[in-house]
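Visitor: Sequence first, then the predicted structure:
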Amino acid sequence: MPETTHYDAIIIGSGQGGNPLAVALSERGKRTAMIERAAVGGTCVNYGCTPTKTMIASAEVAYLARRAKDYGVRIGELSVDMPAVRERKRNMVNTWREGSERRLKEATLVELIRGEGSFTGPKQVRVQLSGGGERSLSADIIVINTGLSVSTPLLKGLESVPWLDNVSVMELDVVPEHLLVLGGGYIGLEFAQMFRRFGSRVTVIQRGKQLLPTEDADIADEIAKILREDGVEILLEAEAESVASSDKTVLLTVSQDGERKAVEGTHLLIATGRHPNTEMLNLAAAGIAMDEHGYVSVNDRLETNVDGVYALGDVKGGPAFTHVSYDDYRILKANLLDGGDGTIAGRVFPSCVFIDPQLGRIGLSEREAAKLGKKVRIAKLPMTSVARAMETSRSRGFMKALVDPETEQILGAAVLGEGGGEIMSMIQIAMMGKLKYTVLRDADLAHPTLAESLNNLFSNFQSD
């Protein structure tokens, strides 16, 4: 082993929680090693939020162009230039990645080390350097921030088929003739609608009885209706059994309603789940505990069972969102550098599925409330009752909110509609301020905006 270099802190993985923590440690005089085996910025910047939402925006332009006549506008023949779409995406990713790298380099006490990190002891890390060779590091504080990777399903024949994942599908330079999407979660649905709008025929194969399996059934059913309106074929309760390919076709055999059927396409996207990047960390050498799924086990202060070792972001389990990772950073910063006592206990996080219309969610769902045996009042409003949505001819979906009948406080909401994530965020702010629903019902909100729909939503409760 080479001579060991000691740091005040080591962070393994330069994601959206680890990067700002490294900078904060540097600003407090802590010499910090940042270990990164791939691209700086983590999933969000390189493979997740930034590239997908950039491409979704391109797909939305194509969708609106095809609908131009609905607005009384005539345009010429439409075509999609996938190499140009891809280049726009690459440029956006490069901009944010370079910004992340620049902030690390400008932090005077941060050293960016390119390579694969693994534990050799509780406070000892070996780095297999990307350029060859290795280094030995030690630190009093070690933070694991290695994120997730695509899980490969146990599907007969998959090893012989050129399948796509959420990264490689964004590098296509052609519009697939027929894209098969295995999985009906966030990732699968966003790509399904995106490529349908680019011009692909798209089939979604979902093993469960609904899309977005943790969502309320009425929301999931409405999303399926919307996607089908867009021309996406959806197969529910369809179990993929095997896959094969020949020439330019992919043949997926599925079992549905007790029958086997063959679904033929030109491309296959696997979107069936993700797993934690812990297999290369050699956590056993440090005695760091994991759960049965391979996630790093932490307490409410993000501490592992080994003193001085922490985990943040997706690798610790829980909601896999960038804003969760960033809040983890804030908690660790407060506890490690500011003498705070931050905790992740009781956190309520928003989420947004960037289909069109968006699905924004905060707090309890109706399904979760029923499991808890919690009595709630439910308000619902179709987007066809929202003036702004009607005026823009984007009135698909509905809004739904749960209210405590005793305190009149909002317990949760789902907004499946134009600007769903933004409207959900307004409700989230009201929840954070512990406002009664009547405050939003009676607020004098500007007309005509999407926001004023909250007046009507909270005036439209279902029968108790």
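Guide: Right, received. Where do you want to start?
Visitor: ok, the closest residue to residue 418 other than its chain neighbours to residue 67 distance?
Guide: Counting by Cβ to Cβ, 6 or more residues apart in numbering, residue 394 is the residue found nearest to residue 418 once chain neighbours are left out, at 4.4 Å. No exception for glycine: its C-beta is placed from N, CA and C like everyone else's. Distance, residue 394 to residue 67, using Cβ to Cβ, to the nearest Å: 10 Å.
Visitor: I'd assumed residue 139 was in contact with residue 6.
Guide: Yes - using Cβ atoms under 8 Å, residue 6 is in contact with residue 139, at 6.8 Å.
Visitor: Look at those two and report which has more neighbours.
Guide: Just comparing residue 6 and residue 139: by other Cβ atoms under 10 Å the higher neighbour count belongs to residue 139, 22 against 13.
Visitor: Any idea how far apart the tips of stretch 224-233 sit?
Guide: With Cα to Cα, to the nearest Å as the measure, the ends of stretch 224-233 fall 9 Å from one another.
Visitor: Over to stretch 178-191?
Guide: Termini of stretch 178-191 sit 13 Å apart (Cα to Cα).
Visitor: Repeat that for stretch 121-141.
Guide: So stretch 121-141: terminal residues 13 Å apart, Cα to Cα.
Visitor: That stretch: which residues count as buried?
Guide: 122-127, 135, 137-139, 141 (16 or more other Cβ atoms under 10 Å).
Visitor: who's in contact with residue 407?
Guide: Residue 407 sits next to residue 436 when contact means Cβ atoms under 8 Å, 6 or more residues apart in numbering.
Visitor: any idea which of the buried residues of stretch 121-141 is least confident?
Guide: Minimum pLDDT across the buried residues of stretch 121-141 is recorded for residue 122, with 92.
Visitor: Distance of that one relative to residue 265?
Guide: 49 Å.
Visitor: hang on, the earlier thing: for the residue nearest to residue 418, list the residues it contacts.
Guide: 357, 383, 418.
Visitor: quick one: the first one and residue 418 touch, right?
Guide: Yes - in this structure, residue 357 is within contact of residue 418 by Cβ under 8 Å, at 5.3 Å.
Visitor: buried ones in stretch 417-428?
Guide: Residues 417-421, 423-428 are the ones in stretch 417-428 that count as buried (16+ other Cβ under 10 Å).
Visitor: Secondary structure and pLDDT added to the contacts of residue 394, as TSV?
Guide: Output for the contacts of residue 394, formatted as TSV (DSSP: H, G, I helix; E, B strand; the rest coil; pLDDT from 0 to 100):
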residue	secondary structure	pLDDT
357	coil	98
383	helix	98
418	coil	97
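Visitor: from those residues, which single one is nearest residue 404?
Guide: residue 383 (25.1 Å; Cβ to Cβ).
Visitor: Just the helices from the stretch 101-250 of the chain, written as ranges.
Guide: 186-198, 217-229 (DSSP state H, counting those that start in this stretch).
Visitor: Can you name every helix or strand that the last one contacts?
Guide: With contacts defined as 3 or more Cβ pairs under 8 Å, 6 or more residues apart in numbering; DSSP states H and E, helix 217-229 has these neighbours: helix 186-198, strand 233-235, strand 398-403, strand 410-417.
Visitor: Quick one: closest of these to residue 459.
Guide: Closest approach to residue 459 among the helices and strands packed on helix 217-229 (Cβ to Cβ): strand 398-403, 11.2 Å.
Visitor: So for the residue lying closest to residue 188 once chain neighbours are set aside, what's the pLDDT?
Guide: Excluding the flanking residues, the one nearest residue 188 by Cβ to Cβ, 6+ apart is residue 271, at 3.6 Å. With respect to pLDDT, residue 271 scores 97.
Visitor: part of a strand, is residue 34?
Guide: Yes - counting by DSSP: H, G, I helix; E, B strand; the rest coil, residue 34 is found in a strand.
Visitor: shouldn't residue 45 be in contact with residue 98?
Guide: No - at 9.8 Å, residue 45 does not count as touching residue 98 under the criterion of Cβ under 8 Å.
Visitor: Comparing the two, which shows the higher neighbour count?
Guide: Set residue 45 next to residue 98 and count neighbours by other Cβ under 10 Å: residue 45 wins out with 26 against 13.
Visitor: quick one: contacts for the more buried one?
Guide: Contacts of residue 45 (Cβ under 8 Å, 6+ apart): 16, 39, 93, 96-97, 100.
Visitor: can you confirm it is in a helix?
Guide: Yes - note on residue 45: a helix contains this position according to three-state DSSP.
Visitor: Identify the residues contacting the residue nearest the centre of the chain.
Guide: Geometric centre of the chain, nearest residue: residue 321, 5.0 Å, by Cα atoms, centre = their mean. The contact partners of residue 321, taken as Cβ under 8 Å, 6+ apart, are 349, 351.
Visitor: Quick check, pLDDT for it.
Guide: 94.
Visitor: ok, and for stretch 194-206, which residues are buried?
Guide: 194-206.
Visitor: how distant is that stretch from the center of its chain?
Guide: 19 Å (Cα atoms, centre = their mean, to the nearest Å).
Visitor: do the same with stretch 130-148
Guide: On Cα atoms, centre = their mean, the centre of stretch 130-148 falls 25 Å from that of its chain.
Visitor: Kindly check the end-to-end length of it for me.
Guide: Terminal-residue distance, stretch 130-148 (Cα to Cα): 20 Å.
Visitor: again, but for stretch 354-373
Guide: End-to-end distance for stretch 354-373: 31 Å, by Cα to Cα.
Visitor: got the residue ranges for the helices in the stretch 251-400 of the chain?
Guide: Remark: helices assigned in the stretch 251-400 of the chain by DSSP H, counting those that start in this stretch are 283-286, 322-337, 366-371, 387-391.
Visitor: Among the helices of the stretch 101-250 of the chain, which comes closest to residue 113?
Guide: helix 186-198 (30.4 Å).
Visitor: What lies in contact with that closest one?
Guide: Residues beyond helix 186-198 that count as contacts (Cβ under 8 Å, 6+ apart) turn out to be 52, 55-56, 58-60, 62-63, 80, 82, 85, 166, 169, 175-176, 179, 181-182, 202, 204, 206, 211-212, 223, 227, 230-232, 269, 271, 353-356.
Visitor: Quick one: mean pLDDT over that helix.
Guide: 98.
Visitor: Tell me the gap between that helix and the middle of its chain.
Guide: That offset, for helix 186-198, works out to 14 Å (Cα atoms, centre = their mean).
Visitor: Just the angle for it relative to helix 217-229, thanks.
Guide: Interaxial angle, helix 186-198 versus helix 217-229 (axes from the mean of the first three to the mean of the last three Cα atoms, to 10 degrees): 30 degrees.
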